[in-house]
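# Based on what follows, work out the 3D shape:
(chains A and B)
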Amino acid sequence: AQTVTQSQPEMSVQEAETVTLSCTYDTSESDYYLFWYKQPPSRQMILVIRQEAYKQQNATENRFSVNFQKAAKSFSLKISDSQLGDAAMYFCASKPSNAGGTSYGKLTFGQGTILTVHP
Amino acid sequence: EAGVAQSPRYKIIEKRQSVAFWCNPISGHATLYWYQQILGQGPKLLIQFQNNGVVDDSQLPKDRFSAERLKGVDSTLKIQPAKLEDSAVYLCASSLRLAGAGSGNEQFFGPGTRLTVL
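Take a look at the predicted model:
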């Protein structure tokens, strides 16, 4: 079974500054993936970044990077040089790498964090 | 590459009526998912298909919800009869495959259908 917890319902940041969104997870799977998805008000869910749990190196995608602490089961997202277009709901999610057992490779989402970017 | 298509984008119905949503996944994607997203919450998986077979429907309220994916491409999700608590956004997603290593199991989402039950 998987659970994903985002403890920050809302966050705000000034344009051009840096913000970090928190996420903790729990899983019984030995190998899994972690994701951050962005959902703007238009509702289209977009993948921001992914991390393979067996990789120790933190993933980065341009202004987005993660801090993956496997032992602590923590997976935070850092957005650098924040832009007005970054304003959205951000979801942390986990997925087993295998489709066996009862997980069926299911993607489990956290509750989301609303990010506001101030000009 | 075209994304996941969904229709309609919005639907308003009275309780006890029926409604159907349609999804066309990305070409070549074997796995298709339907999620329910209640306002202010994360998406909850309802059902997932691998080609035209159901992989997991454990969270689908089968007394009122049904879904099919004929020919392993398009899919429809139906609610009959609808209840007030079914008001939500219904998201369809697809991925190249169900699981395994690499990026092929990443899910791509459609724009969703916002359902309002009065």
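# what are the ranges of the strands in chain A?
A:2-5, A:10-14, A:19-21, A:24-27, A:32-39, A:46-52, A:60-61, A:64-69, A:74-79, A:88-96, A:108-109, A:113-118 (DSSP state E).
# where's residue A:71 relative to residue A:53, distance?
Distance, residue A:71 to residue A:53, by Cβ to Cβ, to the nearest Å: 11 Å. Heads up, the C-betas are built off the backbone N, CA and C, glycines and all.
# try residue A:41
In this view, residue A:41 and residue A:53 are 31 Å apart by Cβ to Cβ.
# if you count what's nearby, which of those two comes out ahead?
residue A:53 (20 against 8; other Cβ atoms under 10 Å in any protein chain shown).
# Show me what the helix-or-strand element of chain B with minimal mean pLDDT is packed against.
Using mean pLDDT, DSSP states H and E, strand B:53-56 stands out as the lowest-scoring helix or strand of chain B, at a mean of 89. Taking 3 or more Cβ pairs under 8 Å, 6 or more residues apart in numbering or on different chains; DSSP states H and E as contact, the helices and strands that strand B:53-56 lies on are strand B:44-50.
# how about the strand it packs on, does it get close to chain A?
Yes - applying Cβ under 8 Å from any Cβ of the partner chain, one finds strand B:44-50 touching chain A at B:44-45, B:48.
# Torsion angles phi and psi at residue B:85?
phi -70, psi 0 (degrees, to the nearest 10).
# Give me every residue in chain A lying close to chain B.
A:4, A:33, A:35, A:37, A:42-47, A:50, A:52, A:91, A:93, A:95-99, A:104-112.
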